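> Task: produce atomic coordinates for the following.
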Amino acid sequence: MDQAVESIGAAETASGAARVARILVGASLFAAVIVATVREWDDVSDTVAEIGPAAILTSLGLVLSGLAASAMTWRCSLREMGASVSVPSAMKIYLVGQLGKYIPGSVWAFVVQMELARAASVQRMQSLAAGVLAVGINILVGGALGLALQPFVGDGSSFRFIAGAIGIASCGLALAPPVLGRLANLAFRVARRPELCCSPSWLGIVRAASFSAACWILYGVALCLLVIGAGGDPSIAVLVTLPAVALAMTVGALVVVSPSGIGVREAVLVAALAPVLPPTTALAVALVLRVVFTLADLLAAAATLPIRISRVSEPASSVAARA
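Now for the predicted structure:
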């Protein structure tokens, strides 16, 4: 008995230490962004003024539309897990839940989504599985788009083209339902959680991936407007910004100790925008984009709060499967 108590105490201590470490890393990344901003403030403020309010507001509208598309990716993923909610309900569950990503760690957005989805009688594991599936789809689609940046960076060697092509093909393979389902189950086994209650279908994954691609395109156009407003060459900006924002946000999402990818996303964006903007200007654009995304998250969550969450009686796919 004493050994069991000691084991539980040790596990709790380790868990507490891990939480503290995540908070410290997140705070350090946030501090790094603040220091870089203060150091380059004159150039940053000049760039913000050059971009202008029209481009910033238009970018905000595009990001809001991208968030809505991302919510639809989550809704499609939930349908694959045997549950369905109305589109307005999906918007509220997903967009309010997304505020959890600003807390250091990797689970808070999922936790909020699970609690909100309970109002629609969605089981916690269905909601969690949908969240994991949606994140996986977004990361794979974003990763594939981000790898398209390869021809525009570095020395343009054949190795870069080959590596990019292999990476894009790998992302496409991982999106195949049998592979994606196994990857999700592996993640659940590592986390000591039950495996997926349903296997995703080809049609469901295609729908979810289509909304995800639309989301990334909207984000890319939003960044493109900021880059052009900051003096970037439009012909290059159009080619670079979509893979740049996809790569930056995908890497930021993978670094779970960083709240909303802060610091990581900005560093990747500065490097990815090198073909079109000098580093200081790229940093200013990255900071403006951060503000735009944060404001969009808050506005989207606030706009959906009055929505009453409701469940669709049954997914059409489930009816078809039993027919």
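
> So which bits of the strand or helix carrying Val270 are buried?
Per DSSP states H and E, Val270 falls inside helix 264-272. In terms of neighbour count (16 or more other CB atoms under 10 Å), helix 264-272 has its buried residues at 264-270, 272. Yep, even glycine has a C-beta here, placed from its N, CA and C like the rest.

> Relative to the whole chain's centre, how far out is that helix?
15 Å (CA atoms, centre = their mean, to the nearest Å).

> other SSEs contacting the next helix-or-strand element following it?
Following helix 264-272 in sequence order, the next helix or strand is helix 279-304 (DSSP H and E). Judged by 3 or more CB pairs under 8 Å, 6 or more residues apart in numbering; DSSP states H and E, helix 279-304 is in contact with helix 2-39, helix 41-51, helix 53-80, helix 87-97, helix 202-229, helix 264-272.

> Can you get me a residue count around the residue nearest to Arg118 when sequence neighbours are not counted?
Nearest non-adjacent residue to Arg118, counting by CB to CB, 6 or more residues apart in numbering: Arg124, 7.2 Å away. The local packing of Arg124 (other CB atoms under 10 Å) involves 14 other residues.

> Okay, Arg124 and Val111: tell me how far apart.
Taking CB to CB, to the nearest Å as the measure, Arg124 and Val111 are separated by 9 Å.

> Please apply the same query to Val240.
Val240 is 36 Å from Val111, by CB to CB.

> out of those two, which sits in the busier spot?
Comparing Val240 with Val111 by other CB under 10 Å, the one with more neighbours is Val240, at 26 against 17.

> Surely that one is in contact with Leu277?
No: if you go by CB atoms under 8 Å, Val240 and Leu277 don't touch, sitting 9.3 Å apart.

> which residues are contacting stretch 167-187?
129, 132-133, 136-137, 140-141, 143-144, 147-148, 195-196, 199-202, 204-205, 209 (CB atoms under 8 Å, 6 or more residues apart in numbering).

> Got a quick PyMOL command for the buried subset of these?
The PyMOL selection below is limited to those of those classed as buried (16+ other CB under 10 Å):
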select buried, resi 129+132+133+136+137+140+141+143+144+147+148+196+200+204+205+209
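
> pLDDT weak spots in this structure?
Residue ranges of the chain with pLDDT under 70: 1-44, 104-106, 149-157, 256-260, 311-323.

> So which of the contacts of stretch 167-187 are in helices?
If you go by DSSP state H, the contacts of stretch 167-187 have 129, 132-133, 136-137, 140-141, 143-144, 147, 202, 204-205, 209 in helices.

> Show me the two of these that sit farthest apart.
Ala129 and Leu147 (26.9 Å; CB to CB).

> The helix holding Val270 packs against which elements?
helix 2-39, helix 234-254, helix 279-304.

> that older thread, list the residues that contact both of Val240 and Leu277?
When contacts are counted by CB under 8 Å, 6+ apart, the set common to Val240 and Leu277 consists of Val227.
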